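S.K.: what's the 3D shape of this:
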Amino acid sequence: MESLPFRLEIIETDTEWIIGCSSELGEASLRVPPPYSGGELESALHRVEKSLERSYTMNIVRGASASAPERSVREFGSVLTRTVLRDKILTQFDRCRIRAKEQGKSLRILLRSDGPRVGSIPWEYMVDPSRDDYLALHVPVVRNLRLMDPVKPMDLSLPLRVLGISALPADLPPLDARRERERIAEVLRQESSENVDVNWLPGDRYQDLKSALLTDTWHVLHCVCHGGFDDGCAEGYIQLTGDDGSAMRVHASALRRLPHSPQLRLVVLNACESAVSGSDDVFTSTAAALVASGVPAVVAMQYEITDRAAFTFASSFYERVAEGLPVDRAVTLARDDVKVRLGTLEWATPVLFLASDTVQIFAPPKVPLDKKPRQSTEPTPEASAVVAEVGPCGHVALGPGNLAAAACDDGVIRVVETAKGRLVAQCLAVQREKPVRIAWSPWRRHLASRYQDGTVVLWDLKTEMPVRVMTAEGQGEGVAFSSDGHWLAVTAGNHLHVYDAHGARVRDLTVCSPKQAALWAAGQNAPLGPVCFAPGDRHIVAACGDGRLRQLNVRGLPVMEWPHPQPIVSLAATHGLLATGCLDGRVRLWTWDGDLLWRTQPKRPAQQLAFATGRSAVATAHQRGKVSIRNVHTGRGTSVTRLASRPVGLAFLDDGEGLVTATRTGVVQRWELPDWMAE
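M.R.: Predicted coordinates:
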């Protein structure tokens with residue numbers, strides 16, 4: 001998707017801020033008094049940093065959301081918004097946002113700050129003036145350095161070559177580099193290993209990195225290491241390993257001299273404070289030094305970041321880059337994933353630096369001429385129609401009467417008919433939080449939506465008004481109705497809450513001990529993943545962070561377990577079978593007695609699973625968009641299509657006449673079924 005840039009510049013003088021903006025719709029400027037004096041700003045930034053620390057400390061220790069420390073950060077962001085986005089600047093911003101929507105483009109903010117104090121402000125915490133949420137979670141906010149001679153974007157010829165270095169000096173706290181290596185390799189690896197070449201340096205010294213950059217061609221450099229800012233020499237640095245095995249500081253000036261080919265387009269610094277600069281020169285930061293050396297885009301950290309947040313951000317970011325998204329959109333969506341999955345303020349720690357206005361640092365990959373496409377021996381059905389385009393969304397669920405409900409990024413629940421594509425309902429919660437999950441009741445009039453802040457709303461689609469509003473106290477996205485519609489199960493931290501038809505919580509089931517929950521919380525996923533009711537609605541099935549699928553009775557006692565080597569990301573169930581999609585890239589088919597019927601070869605994790613009612617088939621949609629239908633008896637599959645972006649919805653139509661898919665960009669499509677399903 002094309003984007004419309006909104007350039008915003010804040011220049012600091014001794015007595016005021018000079019704020020200017022420019023876009024294709026015109027320019028505007030104004031002079032305003034600083035919202036804080038020097039000492040006040042220093043105190044405010046200290047409060048922000050302490051709130052950031054408390055947010056992830058509270059989350060890890062208690063598994064709760066970070067709402068308490070977030071208040072001071074939200075207040076700080078509101079002050080920034082009232083100071084910068086006001087009067088003529090706000091008018092221009094609103095006009096650009098409307099123009100972008102009319103043209104089907106995304107809006108992005110290219111931010112440049114100039115001054116000893118404004119350069120240290122975390123602008124990503126600005127609050128959106130049109131909604132009660134952070135601006136950078138909806139609109140890409142980019143630090144635009146605007147060099148005199150920026151590097152132009154280049155076409156990418158496969159394979160995409162990624163160089164990784166993880167520094168583990170003996171005298172510094174260890175980093176979870178092994179898991180990050182595995183995840184980055186996984187999200188970048190295509191169906192064919194010829195498309196992406198991921199290489200991790202066996203050494204972690206400056207000489208090792210210099211030699212690798214000098215002797216080979218790389219497109220992406222990923223650094224996992226400690227970092228900081230040296231006040232003595234006013235330079236940022238990263239910590240590599242010296243010849244004696246102890247930490248060695250490599251300052252920004254040394255990184256700037258590192259040799260690299262013009263093909264190096266992106267550097268990701270998973271290093272604390274790698275975005276911090278001195279008061280006199282923005283190019284003293286580690287990230288800006290790399291941009292000045294000729295790298296078009298650098299992602300760096302403006303605060304200390306926990307391993308868990310860095311791992312979650314990197315995994316999500318690389319997944320979007322591999323999908324071909326512009327780098328600014330990839331950063332924005334990765335920030336949102338950190339906010340939703342972890343519930344901390346660390347989503348704003350990663351900062352994107354660009355050398356120019358260009359955000360598409362890689363053109364679509366070109367397949368070498370001597371590589372002919374593989375001919376499939378299986379018939380590939382055609383899409384009968386694009387059912388609807390509902391806008392960017394995080395989840396789409398198919399309900400009774402083949403109605404599709406979408407949890408859209410703008411806070412609206414949109415319900416469309418899959419037969420005609422007609423919009424039948426739009427539901428907007430009062431708090432305007434972002435919905436993350438949809439669950440249908442057995443009746444087409446009611447559905448439930450879950451939001452980022454833990455709120456669960458039961459909707460009446462006839463009136464488009466809430467019937468019940470409930471609050472789940474803990475992170476998670478799982479929500480599911482029982483088959484009779486009398487019960488609603490919601491995941492909350494390491495608990496399962498069960499509500500009755502009146503919205504009263506009738507069960508609070510502890511799925512694991514506090515010690516187990518703390519161990520799970522150290523991983524990528526929330527303690528509890530997908531959830532559903534077992535046949536008969538007397539038991540609940542929940543995917544747990546240790547890789548086990550547990551079936552619990554009404555007292556919370558486990559009655560059955562299905563073990564997996566890694567966490568489960570997708571789940572589908574019928575009266576006789578269970579299908580699970582695991583992070584190890586396998587889809588498994590189980591009986592309710594715990595027997596494994598078959599499993600697929602490891603590929604991409606299956607983000608979506610769906611059984612066909614009355615037919616022996618299960619559909620899978622992998623994170624890279626490949627959709628297949630498998631015979632439940634043999635496990636053999638037929639390829640249906642490859643979607644243009646990440647799948648967020650998958651279901652068979654009630655009439656058995658097709659398959660419905662939905663993507664992250666909001667495209668809902670209907671596909672024909674393979675011939676063998678009619679036999």
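
S.K.: tell me what Phe6 is bridged to.
M.R.: When bridges are called by DSSP bridges, Phe6 pairs up with Ile109.

S.K.: try Ala542
M.R.: Val531, Arg550.

S.K.: if I look at it, how far off is Leu458?
M.R.: From Ala542 across to Leu458, the span is 21 Å (Cβ to Cβ, to the nearest Å). For every residue, glycine as well, the C-beta is placed using N, CA and C.

S.K.: who has more neighbours, these two?
M.R.: Neighbours were counted for Ala542 and for Leu458 using other Cβ atoms under 10 Å; Ala542 has more, 29 against 20.

S.K.: wait, the more buried one touches Leu552, no?
M.R.: Yes - with contact defined as Cβ atoms under 8 Å, Ala542 reaches Leu552; the gap is 6.9 Å.

S.K.: okay, and the common contacts of the two?
M.R.: By Cβ atoms under 8 Å, 6 or more residues apart in numbering, Ala542 and Leu552 have these common neighbours: 496, 511.

S.K.: quick one, strands of the stretch 551-679 of the chain?
M.R.: Remark: strands assigned in the stretch 551-679 of the chain by DSSP state E, counting those that start in this stretch are 558-562, 568-573, 577-582, 587-591, 596-599, 606-611, 617-622, 626-631, 637-642, 647-652, 659-663, 667-671.

S.K.: brain fart, the stretch 51-200 of the chain
M.R.: Applying DSSP E, counting those that start in this stretch to the stretch 51-200 of the chain gives strands spanning 106-114, 141-144, 160-166, 196-200.

S.K.: Ser356: which element?
M.R.: If you go by DSSP states H and E, Ser356 is not part of any helix or strand.

S.K.: tally of neighbours for it?
M.R.: 19.

S.K.: again, but for Thr215
M.R.: Thr215 has 8 neighbours, counted by other Cβ under 10 Å.

S.K.: repeat that for the one 10 residues further on.
M.R.: Here the neighbour count serves as a burial measure; for Cys225 (other Cβ under 10 Å) it reads 25.

S.K.: dump the residue contacts of it.
M.R.: Residues near Cys225 by Cβ under 8 Å, 6+ apart: 165-167, 175, 204, 238-240, 270-271.

S.K.: give me the nearest residue to it, chain neighbours excluded.
M.R.: Using Cβ to Cβ, 6 or more residues apart in numbering and skipping residues adjacent in sequence, the residue nearest Cys225 is Ala167, 3.8 Å away.

S.K.: residue contacts, that neighbour?
M.R.: Contacts of Ala167 by Cβ under 8 Å, 6+ apart are 204, 223-226, 238-241.

S.K.: and the gap between the nearest residue to Leu80 once chain neighbours are set aside and Glu70?
M.R.: Counting by Cβ to Cβ, 6+ apart, Met126 is the residue found nearest to Leu80 once chain neighbours are left out, at 4.8 Å. Counting by Cβ to Cβ, the gap from Met126 to Glu70 is 14 Å.

S.K.: check Leu107 too.
M.R.: For Leu107 relative to Glu70 (Cβ to Cβ), the value is 25 Å.

S.K.: same question, Arg95
M.R.: Going from Arg95 to Glu70 by Cβ to Cβ gives 31 Å.

S.K.: and if you look at Ala406?
M.R.: 27 Å.

S.K.: next one: Ala385
M.R.: 43 Å.

S.K.: more neighbours: these two, which one.
M.R.: Neighbours per residue (other Cβ under 10 Å) separate Ala385 from Glu70, with Glu70 holding more: 20 against 14.

S.K.: so the more buried one touches Ser51, yeah?
M.R.: Yes - the criterion here is Cβ under 8 Å, and Glu70 meets it with Ser51 at 6.8 Å.

S.K.: my guess is Met656 meets Arg615, correct?
M.R.: One thing to correct before we go on: residue 656 is Gly, not Met. Yes - contact criterion Cβ under 8 Å: Gly656 and Arg615 qualify, at 6.4 Å.

S.K.: mean confidence score for stretch 447-467?
M.R.: In this model, stretch 447-467 has an average pLDDT of 91.

S.K.: in contact with His138, which residues?
M.R.: 128, 131, 332, 409.

S.K.: and the last one, what pLDDT?
M.R.: The one in question is Asp409. So Asp409 comes in at 85 (pLDDT).

S.K.: repeat that for the second one.
M.R.: The confidence metric pLDDT takes the value 74 at Arg131.

S.K.: neighbours around it, how many?
M.R.: 15.

S.K.: can you report phi and psi for it?
M.R.: phi -150, psi 160 (degrees, to the nearest 10).

S.K.: about what we covered before: comparing the strands of the stretch 51-200 of the chain, which stretch has the densest surroundings?
M.R.: Counting by mean count of other Cβ atoms under 10 Å, strand 141-144 has the highest mean neighbour count of the strands of the stretch 51-200 of the chain, with a mean of 24.

S.K.: other SSEs contacting it?
M.R.: With contacts taken as 3 or more Cβ pairs under 8 Å, 6 or more residues apart in numbering; DSSP states H and E, strand 141-144 sits against strand 106-114, strand 350-354.

S.K.: can I get the ones you listed in CSV with mean pLDDT?
M.R.: Converted to CSV, those look like this (pLDDT from 0 to 100):
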stretch, mean pLDDT
strand 106-114, 89
strand 350-354, 90
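
S.K.: would you turn those strands into JSON lines with distance to Asp230?
M.R.: Output for the helices and strands packed on strand 141-144, formatted as JSON lines (distance: least, Cβ to Cβ, whole Å):
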{"stretch": "strand 106-114", "distance to Asp230": "21"}
{"stretch": "strand 350-354", "distance to Asp230": "19"}
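
S.K.: right, and the ones you listed - which one's nearest Ala425?
M.R.: strand 106-114 (25.9 Å; Cβ to Cβ).

S.K.: Val424 is in contact with Thr418, isn't it?
M.R.: No - at 10.7 Å, Val424 does not count as touching Thr418 under the criterion of Cβ under 8 Å.

S.K.: common neighbours of those two, please.
M.R.: With Cβ under 8 Å, 6+ apart as the test, Val424 and Thr418 both reach Leu403.

S.K.: which one of these two is surrounded by more residues?
M.R.: Thr418 (23 against 17).

S.K.: what sits against that one?
M.R.: Applying Cβ under 8 Å, 6+ apart, the residues near Thr418 are 387, 398, 402-404, 653, 660, 668, 670.

S.K.: show me how far the helix or strand hosting Gln426 is from its chain's centre.
M.R.: Counting by DSSP H and E, the element that carries Gln426 is strand 423-428. Here the centre of strand 423-428 is set off from its chain's centre by 25 Å, with Cα atoms, centre = their mean, to the nearest Å.

S.K.: and the gap between Gly594 and Val640?
M.R.: According to Cβ to Cβ, Gly594 and Val640 sit 30 Å apart.

S.K.: Leu168 is in contact with Gly203, isn't it?
M.R.: No - look at Leu168 against Gly203 with Cβ under 8 Å: they stay out of range, at 10.8 Å.

S.K.: and for these two, which residues touch both?
M.R.: With Cβ under 8 Å, 6+ apart as the test, Leu168 and Gly203 both reach Thr241.
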